[in-house]
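1. Here is a sequence with its predicted model. Questions after.
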Amino acid sequence: MRATSLGSDLQRVLEEFGERAELPGVTAAVLRHNTELWTGGAGVADPEGDQPMLPETLFAIGSMTKSFVAALVLRLIGRGQLALHDPIARYLPPAIESNRATVGEVLSHASGIPEHVTPRFVAELLREPSRTWTPADVLSYQEGPPGARGQFAYSSTNFILLGIAVERITETAVGTAIHELLLEPLHLDRIAYQAADPPPRPHAIGLTHLAGPIPFALRDASGLLPCRSVATAAGAAGGMAADVESLARWASLLYRGAVLEPEGQRALMNTDDHAFGSTRFELDGQEAFGHPGRMPGYRGAFAWLPSLEMSCAVLINTDAQDAEPLELLGRLVRARRLSDGDHAQGGEP
């Protein structure tokens, strides 16, 4: 199948998914062998206007941020600045409760540290969109006693603590460390840690359903996505923004071994559940590594498929339940496999 035909097929998958799920807008990127790139967009970037959705449009990426923070921590471990078996409390202010968890347990959501993302927390974010949050503000919303260490229980609070630890170890802001140690050397200039670096334009404005059955665009005048309160409160657990091509390139670099030292790469690729800012799953019957993300008004995911030497990413400007990014990724992978004459079993495009 010729490249022009492949591009048409992938664009058709993207548009049909957007229409069926009634999405305001969606972008996607598929990168094969780190050289063969397709990007596409469908719908509108601003549901209250008519700005078309372009592949270079930036979105809030939510928990996909965890992959960058985990990679940064693994880089610091490779430099001998901390170790997986160290108690995380060694790198935190004394007043922060850490359940005696290790760095490795915190990276693997096995710390038992209670979650701060609760209905009360979300309501406060929506109440004052222009507020700037600190990690201490965020941690004050934790609810419930600590859980059992060593058992997987996804908690974004783990990565708020990792962000604090990084700042104490590097003596610089976590956003600055991510930029200097990851984004700048890898030439990923369309990815931003929003609390430190407002994202370049154009922006996707997201529709959120968090306040009731009628979706609305959550925004303020800060230039952060979706607004200052959400971006700064999410912090090291979800406060970054990116375009879809940059996420596909990040996935390719990260999982091909261009970011971490060999020991850190082995830890990453042996991951299970959501360990080390990554997870293992299947797309169209193929093993994949990556991470989904969700923020008020946004959903998305990126993935690397080692058997196909392919990375892909999708970004959607709504948090609606039907806007399932992994389903769209699977459809794009299926279409890309069929373009190579691979008729192995998988879902329909």
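-> Ah, there it is. Residues are numbered from 1 along each chain as shown.
2. show me the biggest helix of this protein in terms of residues.
-> Scanning the chain for the helix with the most residues, using DSSP state H, yields helix 3-20.
3. avg pLDDT for that one?
-> Mean per-residue pLDDT for helix 3-20: 90.
4. helices or strands next to that helix in the packing?
-> Judged by 3 or more Cβ pairs under 8 Å, 6 or more residues apart in numbering; DSSP states H and E, the packing partners of helix 3-20 are strand 25-32, strand 36-43, helix 325-339. To be clear about C-beta, it is placed using only N, CA and C from the backbone, and glycine gets the same treatment.
5. Next, the buried residues of the last one.
-> It stands for helix 325-339. Residues 325-339 are the ones in helix 325-339 that count as buried (16 or more other Cβ atoms under 10 Å).
6. other SSEs contacting it?
-> If you count contacts as 3+ Cβ pairs under 8 Å, 6+ apart, helix 325-339 packs onto helix 3-20, strand 25-32, strand 279-283, strand 286-295, strand 298-305, strand 310-316.
7. would you turn those into JSON lines with distance to A196?
-> Below are those laid out as JSON lines (distance: least, Cβ to Cβ, whole Å):
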{"stretch": "helix 3-20", "distance to A196": "32"}
{"stretch": "strand 25-32", "distance to A196": "24"}
{"stretch": "strand 279-283", "distance to A196": "26"}
{"stretch": "strand 286-295", "distance to A196": "17"}
{"stretch": "strand 298-305", "distance to A196": "19"}
{"stretch": "strand 310-316", "distance to A196": "21"}
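8. ok so, going back, angle of the longest helix of the chain against strand 310-316?
-> 30 degrees (axes from the mean of the first three to the mean of the last three Cα atoms, to 10 degrees).
9. Pick out the lowest-pLDDT one from the buried residues of helix 325-339.
-> Lowest pLDDT of the buried residues of helix 325-339: S339, 79.
10. And the contacts of the longest helix of the chain?
-> Applying Cβ atoms under 8 Å, 6 or more residues apart in numbering, the contact partners of helix 3-20 are 1, 23, 25-26, 28, 30, 36, 38, 40-43, 327-328, 331-332, 335-336, 338-339, 349.
11. Pull the contacting residues for H274.
-> Neighbours of H274 in contact, by Cβ under 8 Å, 6+ apart: K66, S108, H109, F152, Y154, H291.
12. Got a PyMOL select line for the buried ones in the residues you listed?
-> Restricted to buried positions by 16+ other Cβ under 10 Å, the PyMOL selection for the contacts of H274 reads:
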select buried, resi 66+108+109+291
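13. and which of the contacts of H274 is nearest to A195?
-> If you rank the contacts of H274 by distance to A195 using Cβ to Cβ, K66 comes first, at 15.2 Å.
14. which residues in the protein form helices?
-> Applying DSSP H to the chain gives helices spanning 3-20, 65-78, 103-107, 119-127, 135-139, 157-170, 174-178, 228-238, 244-256, 262-269, 325-339.
15. And for the nearest residue to P24 once chain neighbours are set aside, the neighbour number?
-> Of all residues not flanking P24 in the chain, P47 sits nearest, at 4.1 Å (Cβ to Cβ, 6 or more residues apart in numbering). If you count neighbours by other Cβ atoms under 10 Å, P47 ends up with 21.
16. Would you agree P47 is in contact with N317?
-> Yes - P47 lies in contact with N317 (Cβ atoms under 8 Å); the separation is 7.2 Å.
17. Please enumerate the shared neighbours of these two.
-> The contact lists of P47 and N317 share P24, G25, I205, L207, where a contact means Cβ under 8 Å, 6+ apart.
18. surely A71 meets L260?
-> Yes - under the criterion of Cβ under 8 Å, A71 is in contact with L260, at a separation of 6.4 Å.
19. Now the common contact residues for these two.
-> Residues touching both A71 and L260 by Cβ under 8 Å, 6+ apart: L254, L268.
20. For stretch 176-191, buried residues please.
-> By neighbour count with 16+ other Cβ under 10 Å, stretch 176-191 contains the buried residues A177, I178, H179, L181, L182, L183, L186, L188, R190, I191.
21. Kindly apply the preceding question to stretch 271-283 instead.
-> With burial defined by 16+ other Cβ under 10 Å, the residues of stretch 271-283 counted as buried are T271, H274, A275, F276, G277, S278, T279, F281, L283.
22. Return the residues in contact with the first one.
-> Applying Cβ under 8 Å, 6+ apart to T271 gives the contacts S278, T279, R280, F289.
23. ok, 6 Å please
-> S278, R280 (Cβ atoms under 6 Å, 6 or more residues apart in numbering).
24. Roughly how far does it sit from A313?
-> 18 Å (Cβ to Cβ, to the nearest Å).
25. Need the residue closest to the centroid of the chain.
-> M64 (1.1 Å; Cα atoms, centre = their mean).
26. For that one, give me the pLDDT.
-> According to the prediction, M64 has pLDDT 98.
27. give me the number of residues near the nearest residue in space to it that is not next to it in sequence?
-> Distances taken as Cβ to Cβ, 6+ apart put G293 closest to M64, at 3.8 Å, once the chain neighbours are dropped. Neighbours of G293 under the rule other Cβ under 10 Å: 25.
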